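With the input below, show me the fold.
(one chain, ligands or ions: 1)
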Amino acid sequence: MSDERYIPETLFDELGFRMSFAAEKIVFQGQGELQSLVLFENKRFGRMLMLDGATQVTIADEFIYSEMMSHVPILAHGHCEEVLIIGGGDCLIAEEVLKHQGMRRCVQVEIDKAVLDFSKEYFLEWNRPFFEDKRVESVIADGMHYVADAKNHDRFDVIIVDSTDPQGPGAVLFSREFYEGAKRCLKAGGVMVTQNGVPFFQPDELVGTMSIWRNLFGDPYAYVAAIPTYVGGHMTMGFATDDKALRAVPLSTLEERFGAARLATRYYTPEVHKAAFALPRFIRDLVEKDRGKA
Ligand code: SAM
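Model prediction:
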């Protein structure tokens, strides 16, 4: 047996499923105030961050998640100037958001300063713009408290909830109270997208979010992407808006907006954007479960 140390992902232990990554080098491993953190290097995925036993980001495949969580809502919106990111401690989504020249303001509300400090020290090669761009406002706070205090905040065109899974400090970001507060932070015609798990493993997470959104938004839906380290097939991203047109932006319009934004992407294309909303039957059934019931 090689002496490499394998780091297990324990997120799906209760399902009897575990995946582990060989750690060529452990950069940090320890219990922060809020979460346990492991930062290590893996031969295939490069630098990886795990929080409370759940893979958060790997340098090799983060582009997929970061591009789909940022460019889909921003290009669907069409004239987004202000973005709120809840979570996002690795700052890699913010880095994508900042590529949009029309962006005037990007507020990120991350609960765990340790994650932010980590990200600055170990991911700077990839997330440097977050720490240097004047359009960024970095807030260390619980996202729940931030949106609950919405009366004192401006409104945003796009809200991106780049949270951990519904465990530990992340659990509150899947609650009705949080979504009600987030909605108060959205401008008219705005859209919120959320990290909403892998439905093959976490169907209840998606059903739960949609059942809350049904009473809050005119068009509660989801889209999918395939992310190697978020195992279990498609990952879903929640897409909440009152403007049904945002989910049905014509391909030609997305192509115009994408061309004008001059984005160098590795996963996102206007065609992939449109196709991402064509949900496999079992995922669509989860999104529409109990629709029409009070
Ligand atoms: N892409 C990852 C995923 O899909 O699981 C998420 C990445 S990002 C590291 C998740 C961030 O959410 C973490 O930095 C964590 O500290 C933060 N977070 C968890 N609960 C939070 C809360 N209540 N308010 C703000 N940030 C929170």
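
Just give the closest residue to Gly168, not the sequence neighbours.
Once flanking residues are discounted, Gly168 sits nearest to Asp52: 5.3 Å by C-beta to C-beta, 6 or more residues apart in numbering. Backbone N, C-alpha and C define where each C-beta goes, glycine included.

Looks like the one you found contacts Leu34 (just checking).
No - applying C-beta atoms under 8 Å, one finds Asp52 not in contact with Leu34, separated by 9.1 Å.

Now do the shared contacts for those two.
Shared contacts of Asp52 and Leu34 (C-beta atoms under 8 Å, 6 or more residues apart in numbering): Gly168.

quick one, which of those two is more surrounded?
Using other C-beta atoms under 10 Å as the criterion, Asp52 and Leu34 rank with Asp52 on top: 20 against 17.

Find me the pLDDT at the more buried one, would you?
We have a pLDDT of 93 for Asp52.

Check the one 3 residues further on too.
What the model reports as pLDDT for Thr55 is 93.

which residues touch it?
Thr55 touches 9, 11, 21, 48-49, 229-230, counting by C-beta under 8 Å, 6+ apart.

now do Gly88
94, 108, 110, 160, 162.

these two touch, right, the fourth one and Ser70?
Spelled out, that is Ile160. Yes - with contact defined as C-beta under 8 Å, Ile160 reaches Ser70; the gap is 6.6 Å.

Kindly tell me how buried Glu14 is, as a neighbour count.
8.

whoops, I mixed them up, Gln29
Gln29 has 14 neighbouring residues, counting by other C-beta under 10 Å.

To which secondary structure element is it assigned?
strand 25-31 (DSSP states H and E).

what residues does the protein put near the ligand?
Neighbours of the ligand within the chain, by C-beta under 6 Å from any ligand atom: 51, 56-57, 65, 86-90, 109-112, 115, 142-144, 162-164, 169-170, 172-173, 195.

Let me see the contact set for the closest residue in space to Ala141 that isn't next to it in sequence.
With C-beta to C-beta, 6+ apart as the criterion, Ala141 has its nearest non-adjacent residue at 5.4 Å, and that residue is Val109. Applying C-beta under 8 Å, 6+ apart, we find Val109 in contact with 84-87, 139-143, 146.

And the strand holding Gln29, what's buried?
Buried residues in strand 25-31, counted by 16 or more other C-beta atoms under 10 Å: Val27.
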